[in-house]
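[1] sequence first, predicted coordinates after that:
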Amino acid sequence: MGLEIERRFLVRGEGWRQHVGWRAHLEQAYLVGSRDGLTVRVRRSDRAQALQADGEPGGQAWLTLKAPAPGGRDGLVRQEFEYAIPLEDAAALMALAPHRLAKWRHGLELPGGDWVLDVFEGENAPLVLAEVELASAEQPVPLPSWCVHEVTGRPELSNAALAREPLSRWSVERRQSLLAWLGEADVTSDTI
């Protein structure tokens, strides 16, 4: 069984840019996205400037199943099963999916784990979230100053939830509720 141990943070500012090692455009489509955390996702990635031998844009695709881990803590630890699939299969599956999102993923060179940062597009802009994958749930993580609030385990900010109900479709009351939870001194409505 594959386990994903991951913490997530709301990002403010541009300080993260100096740590970027690579970037890729991701399109994600959700075939299943239950509120209890079970998801079946198709992801297509086009690395910036990646070209195939014939000069066409390169890319990769994966089919991923995620589910809560037995005894997992508040979204920190999940079961994850991920399989590479042909791009043609990904396109066919994405056409069947009712919910999708797009974002730019940036690989970050930071200590404390495997860091990535997602800059969401479309109806989820201007949301920016950082994620760090860890070897254990107890592993300490040195946090950069631009990680303004931890959102690990917040189901409404999972990728599956954002595909199902993008931020732009949230009611004013729901946004304000999240801002209140985050602490308005830490973030502004421009962040979410």
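    That came through fine.
[2] ranges for the strands of this structure?
    3-11, 20-33, 39-47, 60-68, 77-84, 99-108, 114-120, 128-133, 147-150 (DSSP state E).
[3] sheet partners, orientation included, of the fourth one?
    Strand 60-68 sits in its sheet next to strand 39-47 (antiparallel), strand 77-84 (antiparallel), going by DSSP bridges.
[4] now do the last one
    In the sheet, strand 147-150 lines up against strand 3-11 (antiparallel) (DSSP bridges).
[5] in the partner strand, what's buried?
    Going by neighbour count (16 or more other CB atoms under 10 Å), the buried part of strand 3-11 is 4, 5, 6, 7, 8, 9, 10, 11. Backbone N, C-alpha and C define where each C-beta goes, glycine included.
[6] can I get the strands of the chain in JSON lines with distance to residue 179 and mean pLDDT?
    Output for those, formatted as JSON lines (distance: least, CB to CB, whole Å; pLDDT from 0 to 100):
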{"stretch": "strand 3-11", "distance to residue 179": "11", "mean pLDDT": "95"}
{"stretch": "strand 20-33", "distance to residue 179": "24", "mean pLDDT": "95"}
{"stretch": "strand 39-47", "distance to residue 179": "26", "mean pLDDT": "91"}
{"stretch": "strand 60-68", "distance to residue 179": "27", "mean pLDDT": "95"}
{"stretch": "strand 77-84", "distance to residue 179": "26", "mean pLDDT": "96"}
{"stretch": "strand 99-108", "distance to residue 179": "21", "mean pLDDT": "97"}
{"stretch": "strand 114-120", "distance to residue 179": "17", "mean pLDDT": "98"}
{"stretch": "strand 128-133", "distance to residue 179": "15", "mean pLDDT": "97"}
{"stretch": "strand 147-150", "distance to residue 179": "10", "mean pLDDT": "94"}
